[in-house]
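S.K.: Here is my input; please provide its structure:
(one chain, ligands or ions: 1)
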Amino acid sequence: MHYDSLKNEHGLPYDPFKAIVAPRPIGWIGSRSLIGVYNLAPYSYFNAIADKPHFVMFSSVDIKDSVKNIEETAEFTVSLATEDLFDHMNGSSVPAGSDIDEFELAGLKPEIGQFVSAPFVSQAAAALECKHWRTIDLPNVDRDKGTGNYLILGQVVGIFINDKFIKDGRFNASAARPLVRLGYMDYGVVGSENTFSKNRPKLGEDGKLQPVEEWDGVYR
Ligand SMILES: Cc1cc2nc3c(=O)[nH]c(=O)nc-3n(C[C@H](O)[C@H](O)[C@H](O)COP(=O)(O)O)c2cc1C
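M.R.: Below is the predicted model:
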């Protein structure tokens with residue numbers, strides 16, 4: 001099939017878009033309301049988008065509590081959602097009122113950042129502390145009604161890593177086993193069973209790509 005995606009003419013029972021753009025990391029967004037209520041929710045329209053300085057983004061369908069809190073307080077955190085925390089992560093996605101502490105609801109212990117005053121998941125293998133940089137309202141938002149898609153961009157100003165996951169000077173992501181979001185209600189897990197290392201290819205003097213060598217442990 002090959003279809004007009006503006007008209008969403010796929011003819012399938014469900015939109016396949018997210019199943020195609022998969023896996024997506026899950027940004028587990030922690031924030032705090034102006035009156036101090038802790039909020040936590042997973043967002044899979046999430047990614048890291050820059051180094052030096054580090055930036056992340058996530059996008060929200062409609063103005064949810066996370067967007068409201070972040071726009072009001074200018075701070076948020078991103079905890080790493082890992083396999084062992086699946087039920088807590090899933091639990092934190094329920095549409096609870098803004099007066100509900102979603103850390104408590106999901107059975108998690110909050111820890112306040114060292115660089116921002118938003119909470120992160122203390123049990124997480126790693127977490128990012130972020131300052132809101134700006135929100136980009138994607139086409140067709142209606143802020144009065146709070147509808148449409150809102151892209152939140154944040155600068156990472158602090159990083160927490162549970163030292164247990166540092167191995168040979170590197171963050172051992174496959175030991176932390178991050179969850180990834182696939183399409184529909186499907187998830188995956190990143191682990192040593194499905195990861196591998198390879199060097200980047202080099203260009204030979206003949207202008208052709210040289211065979212890729214096994215990784216020598218140097219990150220280039
Ligand atoms: C794994 C997962 C990923 C999600 N990704 C998104 C997303 O990218 N954008 C979004 O608007 N909602 C997403 N949701 C739904 C939100 O988590 C849900 O609406 C939540 O109640 C929002 O909470 P908040 O109002 O506290 O921000 C996702 C849910 C799950 C379980």
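
S.K.: pLDDT value on the residue most central in space within the chain, please?
M.R.: With distances taken as C-alpha atoms, centre = their mean, the residue of the chain nearest its centroid is Gly27 (2.1 Å). Looking at Gly27, its pLDDT is 98.

S.K.: For it, give the beta-bridge partners.
M.R.: Tyr43, Leu80 (DSSP bridges).

S.K.: My guess is Pro23 contacts Val189. True?
M.R.: No: assessed by C-beta atoms under 8 Å, Pro23 is found out of contact with Val189, at 9.6 Å. The C-beta positions use only the backbone N, C-alpha and C, and glycine is treated the same way.

S.K.: tell me, what's touching these two both at once?
M.R.: Common contacts of Pro23 and Val189 (C-beta atoms under 8 Å, 6 or more residues apart in numbering): Val180.

S.K.: what about whichever helix in the chain runs longest and the ligand, touching?
M.R.: Longest helix in the chain by number of residues, with DSSP state H as the criterion: helix 65-73. Yes: counting by C-beta under 6 Å from any ligand atom, contacts between helix 65-73 and the ligand involve 65-66.

S.K.: Check the offset of that helix from the chain's centre.
M.R.: 16 Å (C-alpha atoms, centre = their mean, to the nearest Å).

S.K.: Name the residues of stretch 11-27 that come out as buried.
M.R.: 16, 18, 22-27 (16 or more other C-beta atoms under 10 Å).

S.K.: Please list the members of these that lie in helices.
M.R.: Within these, residues falling in helices by DSSP H are Lys18.

S.K.: Which members of the buried residues of stretch 11-27 are the farthest-apart pair?
M.R.: Using C-beta to C-beta, the buried residues of stretch 11-27 span at most 22.3 Å, a distance reached by Pro16 and Gly27.

S.K.: ok, back up a step: my guess is the residue nearest to the centre of the chain meets Ala41, correct?
M.R.: No: using C-beta under 8 Å, Gly27 is not in contact with Ala41, being 9.3 Å away.
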